[in-house]
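**Q** Sequence and predicted structure are below.
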Amino acid sequence: MAPSRDMDEPSLTWRMLAAMALVALVYAAAALPAFPAGPVWGAVAVAAAATVAVLSARAADGLVLRAMDARRVDAAEEPELHAVLDRLCMSSGLPRPRLAVSALAAPNAFAAGSGPGSAVVCVTEGLRARLDPAELAAVLAHETAHVANRDVLVSAVASFPSLVSGLFLTWWAGLFTGRGRGAAGHALGLLCGIVLLPLGAVTAVLNAAGTLVLLALSRHRELCADATGALLTGRPADLAAALDKITDELRDASRDDLRALRAAAPRCVVAARGGGAAGLLSTHPPLRRRRERLAALSWRLASGG
């Protein structure tokens, strides 16, 4: 059976570009209060926000590795994993990322780093124990694709408006509680909260819109990494089989492992928990859709298309 039109890569590319355009609009809306002072100040506000987002991404990498109880390993410690990465990087023309291994028993993998020069690919002990060599190579290819596409950096920049608006909403809501303030302070805080009510409402909308756009972008980028990784190995079926095994094993993972995986949830090859609202609140596309796209890619490779 031929693949459906919905599975065409150009369609996914256009949807991802649309999501990134929406991210740009969210940034513009977040910087809007600075524009009355002049377009230069507005541009400075946007540039400053993007810079802080990039710096946050760099700092977050180490935190994620610590939360996952991961350690970097060299070629002498893990010759087989390094050999797989070397082959993938020769195929993609990328600098070889550093390699880390997490002690978690739950199977998963993720990539961190704002670009190829600073990237690290991490696999869990559970992943190595449950996948065969071809499936493990397929997962590493998926993560290498994230590095090639600079997905961590893109996600950091895209998430910054939601982060800032969320912090403002927390502060604004605190004005109404009056905790730690006397009667006069509580009255003043309440007055400020009421005065800032329109700004709070706009920020709430901005936060919701930014979060939904970020999640949509994350889902699109996972599909892109699936396709790019499968093309690197030439065996899409291996990645589909690996996704099935990881998903099944995560259902029985311990609470401690799931808690640790939350730190890297948007970066993992499979999310530990799915989102509600028809997937709108999920960082990853449904497994069924990923398998369908990989099956379509297998058909194209087999038919020479």
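**A** Perfect, I can see it now.
**Q** same for the helix or strand harbouring Arg291, what does it pack against?
**A** Take DSSP states H and E as the rule and Arg291 turns out to sit in helix 287-303. With contacts taken as 3 or more Cβ pairs under 8 Å, 6 or more residues apart in numbering; DSSP states H and E, helix 287-303 sits against helix 197-233, helix 236-250. Using the backbone N, CA and C atoms, a C-beta is placed for each residue, glycine as well.
**Q** And the longest one, what's buried?
**A** If you call a residue buried by 16 or more other Cβ atoms under 10 Å, then helix 197-233 has these buried ones: 200, 203, 206-207, 209-233.
**Q** which secondary element of the protein has the worst mean pLDDT?
**A** helix 9-31 (a mean of 61; mean pLDDT, DSSP states H and E).
**Q** Output the below-cut-off pLDDT ranges for the stretch 201-305 of the chain.
**A** 273-279, 305 (pLDDT under 70).
**Q** Ala75 looks like it's in a helix, true?
**A** No: assigned with DSSP: H, G, I helix; E, B strand; the rest coil, Ala75 falls outside any helix and is coil.
**Q** Can you tell me the closest non-neighbouring residue to it?
**A** His82 (4.2 Å; Cβ to Cβ, 6 or more residues apart in numbering).
**Q** likewise Leu199?
**A** With Cβ to Cβ, 6+ apart, the residue lying closest to Leu199 is Trp172, at 7.8 Å.
**Q** Do me a favour and average the pLDDT over the strand or helix carrying that neighbour.
**A** In this assignment (DSSP H and E), Trp172 forms part of helix 151-177. Helix 151-177 comes out with an average pLDDT of 70.
**Q** count of residues packed around the nearest residue to Leu232 once chain neighbours are set aside?
**A** Leaving aside its sequence neighbours, Leu232 sits nearest to Ala141 (Cβ to Cβ, 6+ apart; 4.3 Å). When neighbours are counted by other Cβ atoms under 10 Å, Ala141 registers 27.
**Q** For Ala141, give its distance to Leu243.
**A** 13 Å (Cβ to Cβ, to the nearest Å).
**Q** what's the answer for Leu232, then?
**A** 16 Å.
**Q** Could you do Ala201 as well?
**A** 41 Å.
**Q** same deal with Ala100?
**A** 21 Å.
**Q** looking at this, Arg71 is in a strand?
**A** Yes: Arg71: assigned to a strand according to three-state DSSP.
**Q** Alright, that wraps it up for me.
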